[in-house]
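In: Kindly return the folded structure for what I paste below:
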Amino acid sequence: QVQLVESGGGLVQSGGSLRLSCVTSGLTFSAYRFGWFRQSPGKDREFVAAITRHGATTLYRDSVKGRFTITRDNARNTVYLQMNSLNPEDTAAYYCAATASGGSLTTGPTVYRYWGQGTQVTVSS
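Out: Sure, this is the predicted structure:
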């Protein structure tokens, strides 16, 4: 059974930092690309960042470039999202997702087969 378990969310003041973790099990970690998505109440789920199988290539939504960093540790079966300079617009539930598909990294959620349950990030002003 494949499981993706996110952690690291919480309440932080504007300008602060958080590091999200996504621990996986039940899949061959190095065979999957991973993405982070987020969703706020009343809004569609939106792409945040993605990383290729060995971490050589990453992709970010424009609003988080230079503030967020996605990394992976293939020895620990874990994906991370380091979030710096947080602002209230970053408030959302953050989800980790995995896909075995190849090709270029994309922002669309439909290619991702496995999803975690999410971790809430709240940024106060």
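In: Surely Arg72 is in contact with Ala56?
Out: No. Using C-beta atoms under 8 Å, Arg72 is not in contact with Ala56; the gap is 10.5 Å. All C-beta atoms are positioned from the backbone trio N, CA, C, and that covers glycine.
In: And these two? Which one has more around it.
Out: Arg72 (23 against 7; other C-beta atoms under 10 Å).
In: what's Gly116 in contact with, if anything?
Out: Gln3, Leu4, Val5, Glu6, Cys22, Tyr95, Cys96, Ala97 (C-beta atoms under 8 Å, 6 or more residues apart in numbering).
In: go with 6 Å
Out: Counting by C-beta atoms under 6 Å, 6 or more residues apart in numbering, Gly116 makes contact with Leu4, Val5, Glu6, Tyr95, Cys96.
In: List the residues that contact the fourth one.
Out: Right, the one you point to is Tyr95. So Tyr95 contacts Phe37, Trp115, Gly116, Gly118 (C-beta under 6 Å, 6+ apart).
In: Mind listing the residues bridging to it?
Out: Tyr95 has these beta-bridge partners by DSSP bridges: Phe37.
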